[in-house]
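In: Quick one, fold the following:
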Amino acid sequence: MNTTNQVRHISHEIRNNLSICELYTEIIRLNLEKEGIQNSSIDNAIKCIQKSLKIMANNLIDLKSTGNVVLANYDLRTILEDSIKLSRVYAQDKKIKFIQHINESAVATLDNNKFTGCIVNIIKNAVEAIKDQGIIKINLIINPEKAIIQICNNGEMIPLEKQGKLFEEGYTTKSTGSGLGLFICRENLRLQNCNLKFVKSTPEETVFEVEIPL
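Out: Okay, the predicted model is just below:
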């Protein structure tokens, strides 16, 4: 078994075990509800477990996407909406309003796992830029030759001296970051003939764009 297949096999086995954990947390919740037991500490513990399981499931997208690019035709609106749903788990502890302008769609040739992982990572960064409450906007713009996904947030501005280094391998603006997220995203998108661009970061808004050929 080659390395890529080993990674996919391990990912599949981890996903199976996460599913078992998800099932048992739901069983516990239903049993407590059935017996009329109300305990805020237990409720919070179950929510924390469920949130952790969802985050681990999201991380598996990156694990599954290692190796060669597997391109196929996908409905861009569907894949983007699925990515946003996965990303919302990171915003559960904050008051963040998601605004989506996804009125059109087009067929794009992409690697499902790699593309989804990149969009989730960019939205996750937007969530982390917002301290307590704010807005994240996701726009899908369809042009004759390409589609553009805009991901905007009104969180903290990226300092001017750091804006030119965002895609450098190992560079991070976070105290606990690895500096690999945006670097890997850009490389994975390039493998799909897509491009990740930093547009701007001001006190009012930070914007990233993903350009997808059609």
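In: Distance check, the residue positioned nearest the centre of the chain against residue 98.
Out: In the chain, the centroid-proximal residue (Cα atoms, centre = their mean) is residue 120; its distance is 1.2 Å. Separation of residue 120 from residue 98 (Cβ to Cβ, to the nearest Å): 13 Å. For glycine as for every other residue, the C-beta is placed from the backbone atoms N, C-alpha and C.
In: packing partners for the helix ranked longest in the chain?
Out: Criterion DSSP state H: the longest helix present in the chain is helix 3-34. Applying 3 or more Cβ pairs under 8 Å, 6 or more residues apart in numbering; DSSP states H and E, we find helix 3-34 packed against helix 40-64.
In: How far does the helix or strand just after the helix it packs on sit from its chain's centre?
Out: Sequence-wise, the next helix or strand beyond helix 40-64 is strand 72-75, with elements assigned using DSSP states H and E. Distance of strand 72-75 from its chain centroid, counting by Cα atoms, centre = their mean, to the nearest Å, is 19 Å.
In: Which positions within the helix or strand that strand 72-75 is followed by qualify as buried?
Out: Reading on from strand 72-75 to the C-terminus, the next helix or strand found by DSSP H and E is helix 76-87. Within helix 76-87, the residues that count as buried by 16 or more other Cβ atoms under 10 Å are 76, 77, 79, 80, 83, 84, 86, 87.
In: Against residue 90, how distant is the nearest residue to the last one once chain neighbours are set aside?
Out: In other words, residue 87. Take residue 87 and drop its neighbours on the chain: the residue closest to it by Cβ to Cβ, 6 or more residues apart in numbering is residue 123, 3.8 Å away. Here residue 123 is placed at a distance of 8 Å from residue 90 (Cβ to Cβ).
In: Mind checking which of the two has more residues around it?
Out: residue 123 (23 against 20; other Cβ atoms under 10 Å).
In: contacting residues for that one?
Out: By Cβ atoms under 8 Å, 6 or more residues apart in numbering, the contact list for residue 123 reads 83, 84, 87, 90, 136, 138, 151.
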